[in-house]
Each structure stands twice: as C-alpha cells, then as structure tokens.
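Participant: With the input below, show me the fold.
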Amino acid sequence: MAKPASSVPDVLAPYLSCVFCGINPGRFSAAAHAHFANPRNDFWRLLHDAGFTPRLYDPVEQFELLALGFGVTNAAYRMTPGSGDVRRGDFDVSRLEQLARDLHPRVLAFVGKEAYRGCFGDRPELGPQLRTLGTTGLFVLPSTSPANAAVPYEERLRWFEALRTWIEPTPRQAVRALVVDATDRVLLMRFENPANGDVWWATPGGGIDEGESDEAALRRELLEEAGLRDFEPGPVVWFREHVLPWDRHLWRQRERFHLVCVEHHEVVPTIELVREHVYGHRWWTLDELEQSDENLAPRALATHLRALLRDGVPAEPLDVT
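Facilitator: Below you'll find the predicted structure:
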C-alpha cells in the first residue's frame, strides 16, 4: 500500500548545507501547509537566534530557506494530532537514504530524538552521530515542540548553535597513493562505517599532520596501511575536494593523489587498521573495477585510471571530484 502524500511540502534542493527533519506534520502544519507552523513551536525562533536566518521567518516563508542553503522535511509524512500518534510503519528511512543519494545535503539534522529513533530504531544522544547516510552527516537536535517545554529554551538554543558551528567543515589536507603494480593492478583499501555498515574502497592515504610534507605523509601512510617502504613517490596525477563525515566530525578534505609504481608488493600493515575503520585490502584489475558495483572513491576511479594507463601522466593534475 502506498504511503500517503504529505500535507506539508518538502523544502529541498541539491547540495544544501543542512536539511532539518521533523518527526511528522501536526494539525497546525497540515492546515498551513508549512513546517513547524504551531505558534508555540520554537523552531523558527531557534533558527533565527542561532544564526541560521537573518531575521525571524514565518512558517509560510519556508522556501526562502533554500537561498540560505537550508531545507526542511519530515521523517514521517502522515499528519497526526500529536507525535505520540505516529506509528512505526509511518517512518520511511529509505526515502531519507534516497534524499541523501540524490540531493547530497551536507547534514541531515533531526529535530527531536524521536524523529531519529523512528527511522533507525536506536535512541540517540543529542549532537553529531557516528551513523551517516553515505556522505551526509547526521545530527540530533532537541525537539522544538511545546510538548518539550521542560527543556529550557537556552538549552535547546545551545544545541542549535552547536549545529550551526558543526555544519561548517574543518579544512584538512590529505595525500593518497595510486599504487599500481607491473600488471596494472591498483591497490585499494576496504573502509567500513561500523555505525551503519556502509562499505567503500579507496586508495591508501590519509591526512597530513601539521608540519609534515606530502612525501613524509605519503611514506608514513603507505608504511602503516600497506607495509610499503621502498618506493619512489611519483607525480601528483589527480586531486579532489569533498566533505567527509567521519567520527562525528565534518572535514572538507583536499586530497592529492601521487602515482606510485611497484613491480609487486605483499601488503602487510604495520598498525592495527581497524581503529582507522579499514577492514582489508585488494589488488584490482581495471576490468574488475569497471565491472564492479562496489562503492569506489573517487566514484569514477575506473574511468580516470583507464585514461592514466592509456595516456600517461597528465600535464596538470586532474580534478576527479
């Protein structure tokens, strides 16, 4: 049976900084066709006081949030007199997963613990979560409903201000190695987010420590992750910049990919990689990459690798974002 359409429209667009996710429409919102329309709901006042909006918006002005980089949706579409009337089956986490895949918001902020718990089944703490939806970070705010009046306004405002700070990623420089052997196989590491089981394959590498050179960072990372000591760091062939939610933090990571050619190499890490969320490695042929439905980072890794093997080192590093 199809889920009922919402009486309150989604306020969404691609690549928003933050999408706020309420639990479901109440009677005031359904009547106004606007999110958080109950005059006793503090959502819009908290947005303004925390610095998300330049003035106090009326709920009917909700689409003006898009110009500021923000959006609004609900975890459940069905209108109920109160959030206590929402049933487990009303929640549709697959819709939020698709929203993250299609629109790539930087952060999805649940307005209230029950909105998050209805989707994922576990009771969260307030603040940033270990779980992500792909590359979208998750944050849980206190409920802004008048039913949550026992929590002082100042306390709720503190969490909205924390979110306002958190959605601005911290810049991070990183170096990665495109390790290719004599048979044109490339070495990839298997990363996994233990909070939700998301898996992806990426080249070895990581963040550059303060005062560390690219070469020193590259040698350290390849020694730790692959046990590779004797190699010559090749030229930078690719770069990419992306926002990465990792361990309850948002990074704006700029990565430089060095080509590292080896005859052959047996991978023997020199540190415990599980703490880095690395759970194995594999040498991939180009054909295997092109035929795989695994999540690769960067997404077009196979296409760019084929061009590199065919055409050689580019005159200038290519953007593979």
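Participant: and the host helix or strand of Arg95, what does it pack onto?
Facilitator: Assessed by DSSP states H and E, Arg95 sits inside helix 93-103. Other helices and strands packing on helix 93-103, by 3 or more Cβ pairs under 8 Å, 6 or more residues apart in numbering; DSSP states H and E, are strand 18-22, strand 107-111, helix 113-120, strand 127-133. Placement of C-beta: from N, CA and C, glycine included.
Participant: try 10 Å
Facilitator: Packing partners of helix 93-103 (3 or more Cβ pairs under 10 Å, 6 or more residues apart in numbering; DSSP states H and E): strand 18-22, strand 70-74, strand 107-111, helix 113-120, strand 127-133, strand 136-141.
Participant: Show me what counts as buried in that helix.
Facilitator: With burial defined by 16 or more other Cβ atoms under 10 Å, the residues of helix 93-103 counted as buried are 95-96, 99-100, 103.
Participant: by how many degrees do that helix and strand 18-22 diverge?
Facilitator: Using axes from the mean of the first three to the mean of the last three Cα atoms, to 10 degrees, the direction of helix 93-103 lies 160 degrees away from that of strand 18-22.
Participant: between helix 93-103 and strand 107-111, how many degrees?
Facilitator: Using the same axes, to 10 degrees, helix 93-103 lies at 150 degrees relative to strand 107-111.
Participant: Name the residues that touch helix 93-103?
Facilitator: 3, 10, 12-16, 19, 21, 71, 73-77, 92, 105, 108, 110, 118-121, 132-138 (Cβ atoms under 10 Å, 6 or more residues apart in numbering).
Participant: Give me the distance between that helix and the centre of its chain.
Facilitator: 12 Å (Cα atoms, centre = their mean, to the nearest Å).
Participant: tell me the mean pLDDT for it?
Facilitator: On average, the pLDDT along helix 93-103 is 95.
Participant: got the angle for that helix vs strand 127-133?
Facilitator: Going by the same axes, to 10 degrees, helix 93-103 makes 80 degrees with strand 127-133.
Participant: I'd like the distance from stretch 267-282 to the chain centre, please.
Facilitator: 22 Å.
Participant: can you check stretch 44-61 too?
Facilitator: The mean C-alpha position of stretch 44-61 is separated from the chain mean by 25 Å, Cα atoms, centre = their mean.
Participant: So which of the helices and strands packed on helix 93-103 is nearest Glu276?
Facilitator: Closest approach to Glu276 among these is made by strand 127-133 (14.6 Å; Cβ to Cβ).
Participant: Contacts for that closest one, please.
Facilitator: With Cβ under 10 Å, 6+ apart, strand 127-133 has contacts from 93, 96-101, 105, 107-110, 116, 119-120, 122, 124, 137-141, 159, 162-163, 166-167, 193-198, 244-250.
Participant: Which positions in that strand come out as buried?
Facilitator: 128-129, 131-133.
Participant: Stretch 172-186 too?
Facilitator: 172, 174-180, 185-186.
Participant: and that stretch, C-alpha only, in PDB?
Facilitator: C-alpha atoms of stretch 172-186 as PDB (Å, rounded to 0.1, in the frame of the first residue of the first chain):
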ATOM      1  CA  ARG A 172      42.100  19.200   6.000                       C
ATOM      2  CA  GLN A 173      44.900  18.400   3.600                       C
ATOM      3  CA  ALA A 174      45.400  14.800   2.700                       C
ATOM      4  CA  VAL A 175      47.600  12.700   0.500                       C
ATOM      5  CA  ARG A 176      46.700   9.400  -1.300                       C
ATOM      6  CA  ALA A 177      48.700   6.900  -3.200                       C
ATOM      7  CA  LEU A 178      47.600   5.400  -6.500                       C
ATOM      8  CA  VAL A 179      49.700   2.200  -6.100                       C
ATOM      9  CA  VAL A 180      49.900   0.400  -9.400                       C
ATOM     10  CA  ASP A 181      51.900  -2.800  -9.900                       C
ATOM     11  CA  ALA A 182      53.600  -4.300 -13.000                       C
ATOM     12  CA  THR A 183      50.400  -5.900 -14.200                       C
ATOM     13  CA  ASP A 184      48.500  -2.600 -13.900                       C
ATOM     14  CA  ARG A 185      46.600  -3.700 -10.800                       C
ATOM     15  CA  VAL A 186      45.700  -0.900  -8.300                       C
END
